[in-house]
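>>> sequence below, structure please.
(4 chains)
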Protein chains: 4
Amino acid sequence: MDDLGKTRWVFVDGYIPAWSNGPGPEMVSHEAICVLNAGGQVAKVELTVFFADRDPVGPYRLDVPARRTLHQRLNELTDPAPIPPNLSYACVLTSDRPVVVQHTRLDSRQAENAIFSTIAYSG
Amino acid sequence: MDDLGKTRWVFVDGYIPAWSNGPGPEMVSHEAICVLNAGGQVAKVELTVFFADRDPVGPYRLDVPARRTLHQRLNELTDPAPIPPNLSYACVLTSDRPVVVQHTRLDSRQAENAIFSTIAYSG
Amino acid sequence: MDDLGKTRWVFVDGYIPAWSNGPGPEMVSHEAICVLNAGGQVAKVELTVFFADRDPVGPYRLDVPARRTLHQRLNELTDPAPIPPNLSYACVLTSDRPVVVQHTRLDSRQAENAIFSTIAYSG
Amino acid sequence: MDDLGKTRWVFVDGYIPAWSNGPGPEMVSHEAICVLNAGGQVAKVELTVFFADRDPVGPYRLDVPARRTLHQRLNELTDPAPIPPNLSYACVLTSDRPVVVQHTRLDSRQAENAIFSTIAYSG
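Residues are numbered from 1 along each chain as shown, chains lettered A, B, ... in the order given. All right, here's what the predicted structure looks like:
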């Protein structure tokens, strides 16, 4: 499955809710970028984060081992800088090998959580 | 990244819920069109809104600066006319440069909010 | 915009929840198929519905006027037969002209509603 | 419709919530993989499940009869092994005939359920 996926992916509706209800870590408001590397060699992934009112930040570097998936909470990235909550952003992922990418938000700002998820755009 | 994206995008399930629960602005029922311009020059974007029972309205003109993302609440568009709440619509976005587009609804008509989001259709 | 879209679309996770909470018609559990015909002539659309344990049912015929969108609740189709609630189904849409299709579910079986939506598959 | 769909599909954000609220079976937290085989012959489907920290598991074998849809709860797979709850995974589906695939999660860990669904990635 070394050919499964693409090397450039985008999601646009990035937004980390600023507060939460319910038990952690599951019910903490968060966004996750989910990457599948079905191939036989490690995929070196870089994220660049775009904002409305400031220059892009990145690259955030992630390794996805061969035949593994990585579900990375975007809240937990720190290098080169945390992504601020309550601020709109977008994200471009590039990889040196084909991967598949999905983006998910869990919003628990109200007492009952809400979720969305979408396969990212590859192009 | 001047080539990232497409110049024509569509979402079809447009609908601005007519009432809300919870603190604003975050919890006000709304829809957003999220645009990423990863390229080096401003993208001039136009929206046309289609309805079930009347002629299309537009263009709504938006500029997305170079290397920026714009998350525009559709509720807040006023020129050439506001989009009525509680009315089904669809939206075609055209851009003079490649962009990526995602559409999201937050519905807080009941006490706990619900959300969906999807990468728009490019074609 | 006569060329906008495709002539065959699919959604697979069809399911009409069997009960509801909250005021109607907005909060009645339902699924909608949303069609945009951005072109200059009426689009003649046919739906075929597939099930797990019985033969497909259809065609359901819908007209989408030129430059209009149609948001059709699947609960409300009656000809050739209603789609049963609480039963998994899938749906293939064919059109004589290009259209764009999105599928949405609002589930209000619990006190607070949940929603999802996705651009359908075209192929 | 023998040509409708693709033979390889992926979803990446797999996660079976570990607890539930509300009446079963409808309101039990679950994920479903929904497959449409619109063609005239049975489709032999295989799932491979990928994890973050262990080798992939599979194949899970499913038959989708001609002109039928299968909505399979991933919680209910047992052969070759159940998918553990509260653990991130991804899934690759291969089929000997074209099919269309959609992935859905219903999360009822809080009192009111949340849902997402997305057409899977084909490539």
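>>> who does the worst-scoring helix or strand of chain A on mean pLDDT pair up with?
When the helices and strands of chain A are scored by mean pLDDT, DSSP states H and E, strand A:114-119 comes last with a mean of 90. Strand pairing for strand A:114-119, determined by DSSP bridges: strand A:89-107 (antiparallel).
>>> flag every residue of chain A that's near chain C.
A:E112, A:A114, A:F116, A:T118 (CB under 8 Å from any CB of the partner chain). Bear in mind the C-beta positions are built from the backbone N, C-alpha and C, glycine included.
>>> circling back: pull the residues that contact whichever helix or strand comes after the least confident helix or strand of chain A.
Heading C-terminal from strand A:114-119, the first helix or strand you meet, by DSSP states H and E, is strand A:121-122. The contact list for strand A:121-122 (CB atoms under 8 Å, 6 or more residues apart in numbering or on different chains) reads A:5-6, A:8-12, A:101, B:5, B:100, B:102, B:119, B:122, D:121, D:123.
>>> if we use 7 Å, what do you get?
Here strand A:121-122 makes contact (CB atoms under 7 Å, 6 or more residues apart in numbering or on different chains) with A:K6, A:R8, A:W9, A:V10, B:V100, B:I119.
>>> strands paired with that strand, and their directions?
Applying DSSP bridges, strand A:121-122 is found paired with strand A:6-14 (antiparallel).
>>> got a list of what the one residue sitting closest to the centre of chain A touches?
Nearest residue to the geometric centre of chain A (CA atoms, centre = their mean): A:I33, 2.4 Å. Shown in contact with A:I33 (CB under 7 Å, 6+ apart): A:Q72, A:L74, A:C91, A:L93, A:V101, A:H103.
>>> and stretch A:87-96, how far out from the chain's middle?
7 Å (CA atoms, centre = their mean, to the nearest Å).
>>> residue furthest from the geometric center of chain A?
Distance from the C-alpha centroid of chain A peaks at A:A111, with 24.3 Å (CA atoms, centre = their mean).
>>> could you find the closest non-adjacent residue to that one?
Nearest residue to A:A111 in three dimensions, chain neighbours excluded: A:N21, at 5.2 Å (CB to CB, 6 or more residues apart in numbering or on different chains).
>>> could you check the pLDDT of the one you found?
At A:N21, the pLDDT value in this model is 84.
>>> ok, now A:S108?
Confidence score, pLDDT, at A:S108: 82.
>>> any regions of chain A where pLDDT drops low?
Along chain A, no part satisfies pLDDT under 70.
>>> and with 80 instead?
Applying pLDDT under 80 to chain A flags the ranges A:110-113.
>>> circling back: partner strands of the helix or strand hosting the residue nearest to the centre of chain A and their direction?
Following DSSP H and E, one finds A:I33 within strand A:30-37. Here strand A:30-37 has these sheet partners by DSSP bridges: strand A:68-73 (antiparallel), strand A:89-107 (antiparallel).
>>> chain D versus whichever residue of chain A sits closest to chain C, what's the distance?
Closest contact between chain A and chain C, by CB to the nearest CB, is at A:E112 (5.4 Å). According to CB to the nearest CB, to the nearest Å, A:E112 stands 4 Å off from chain D.
>>> which SSE is that residue in?
Counting by DSSP H and E, A:E112 is part of no helix or strand.
>>> hang on, it packs against D:N113?
No: under the criterion of CB atoms under 7 Å, A:E112 makes no contact with D:N113, lying 8.2 Å away.
>>> most surrounded residue in the contacts of A:I33?
Tallying neighbours with other CB atoms under 10 Å in any protein chain shown puts A:H103 at the head of these, with 29 neighbours.
>>> surely that residue and A:I115 touch.
No: contact status for A:H103 versus A:I115: not in contact, 11.5 Å apart, counting by CB under 7 Å.
>>> which residues does A:L93 bridge with?
A:W9, A:L47.
>>> what sits against it?
If you count contacts by CB under 7 Å, 6+ apart, A:L93 has them with A:W9, A:I33, A:V45, A:L47, A:V101.
>>> tally of neighbours for the third one?
Residues lying near A:V45 (other CB under 10 Å) number 25.
>>> list the residues that contact it.
Shown in contact with A:V45 (CB under 7 Å, 6+ apart): A:V35, A:L62, A:V64, A:L93, A:S95, A:V99.
>>> so what's the third one up against?
When you say that, I think you mean A:V64. A:V64 sits in contact with A:V35, A:N37, A:V42, A:A43, A:V45, A:L70, A:V99, where contact means CB under 7 Å, 6+ apart.
>>> pretty sure the second one sits against A:R68.
To tie it back to what came earlier, the one meant is A:N37. Yes: at 6.1 Å, A:N37 and A:R68 qualify as touching, with contact defined as CB under 7 Å.
>>> neighbour count winner among these two?
Counted by other CB under 10 Å, A:N37 and A:R68 do not tie: A:N37 has more neighbours, with 29 against 21.
>>> distance check, that one against B:D107.
Using CB to CB, to the nearest Å, one obtains 35 Å as the distance from A:N37 to B:D107.
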